[in-house]
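*Asks:* here are the coordinates; sequence isn't available:
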């Protein structure tokens, strides 16, 4: 059986790449730390580190093991926190996974505001995770609800989901751009224009997908800049550095220096789904899910809280 203490020691050494620094961080001496790492490797039958006089480096197996060990320790911390809260007679709090779109569309902040008004003593832990990590968290019961850019796999027997939002992409360009005064913008007008592409950390092939979507619509973007998120893209557009496709939810009100145009021929949206385990263990989870599914921003296609038995794919 794995020893969580040894796993914490391993993670510290892996992150520091040095036994001395890891020992200082853990407030123990080097000799017992080295023995614990050696014992872990012996128990696993696995070499986790390549050793030299200067530093330690993870082996390829060690890197895989580090990823899983980190996830297990995160889950153990959540489980310990849950147990302590239950032991004090509380409802256990909530662990919520999310992606950035859940925040800037207002869905998650609105739901949390309602929760705070109804249950001001509930502790909420928020985890910014990929969709795959959130689905695994739901399966392991370390997350209570996930807000993700895609639905769980069709064949998953444990997870349910509902579409919360389809957020249309609109064209944002510098107000000084010659196209800003046009009433209608056609695909050929955008061909070869300087563009600001918005990164998608959830999708490794995001750049190729963006270019392919533009090409399918009839134009080729000249990508000059890459923005980490939509607000940065808007700031760059306001500075006259290019145009971008930005979710409608990011364009509420006027943005100085930016002109926004709808493109009827470009029917692309950013989607946001809620996902959860089919079995609710605590009433607070059921209640919070109903709150999320009934926020003001929820799309008409999303079902109400009564559809927990049937996924919306």
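*Replies:* Done, it's in. Keep in mind that this is a model prediction, so the values were computed, not measured.
*Asks:* any idea how far residue 289 is from the residue lying closest to residue 18 once chain neighbours are set aside?
*Replies:* Using Cβ to Cβ, 6 or more residues apart in numbering and skipping residues adjacent in sequence, the residue nearest residue 18 is residue 55, 5.6 Å away. (C-beta placed from N, C-alpha, C; glycine too.) Remark: distance between residue 55 and residue 289 (Cβ to Cβ, to the nearest Å) = 47 Å.
*Asks:* residue 267 too?
*Replies:* Taking Cβ to Cβ, one finds residue 267 at 30 Å from residue 289.
*Asks:* what about the helices in the stretch 101-250 of the chain?
*Replies:* For the stretch 101-250 of the chain, the helices defined by DSSP state H, counting those that start in this stretch cover 107-118, 131-140, 187-190, 206-217, 230-238.
*Asks:* tell me which of those helices lies nearest to residue 74.
*Replies:* helix 131-140 (8.9 Å; Cβ to Cβ).
*Asks:* can you report phi and psi for the residue nearest to residue 18?
*Replies:* When read as degrees, to the nearest 10, the backbone of residue 55 gives phi -160, psi 170.
*Asks:* any idea how many residues pack against it?
*Replies:* 13 (other Cβ atoms under 10 Å).
*Asks:* ok, residue 244 next?
*Replies:* If we define neighbours as other Cβ under 10 Å, then residue 244 has 24 of them.
*Asks:* what ranges in the chain fall below the confidence cut-off?
*Replies:* Scanning the chain for pLDDT under 70 picks out 82, 84-92, 201-202, 253, 296-313.
*Asks:* angle of the longest strand anywhere in it against helix 131-140?
*Replies:* With secondary structure taken from DSSP state E, the chain has its longest strand at strand 159-174. Relative orientation of strand 159-174 and helix 131-140, computed by axes from the mean of the first three to the mean of the last three Cα atoms, to 10 degrees: 160 degrees.
*Asks:* partner strands of strand 159-174 and their direction?
*Replies:* If you go by DSSP bridges, strand 159-174 pairs up with strand 244-247 (antiparallel), strand 258-261 (antiparallel), strand 269-277 (antiparallel).
*Asks:* TSV please, covering the ones you listed and showing distance to residue 205.
*Replies:* Formatted as TSV, these follow (distance: least, Cβ to Cβ, whole Å):
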stretch	distance to residue 205
strand 244-247	17
strand 258-261	27
strand 269-277	16
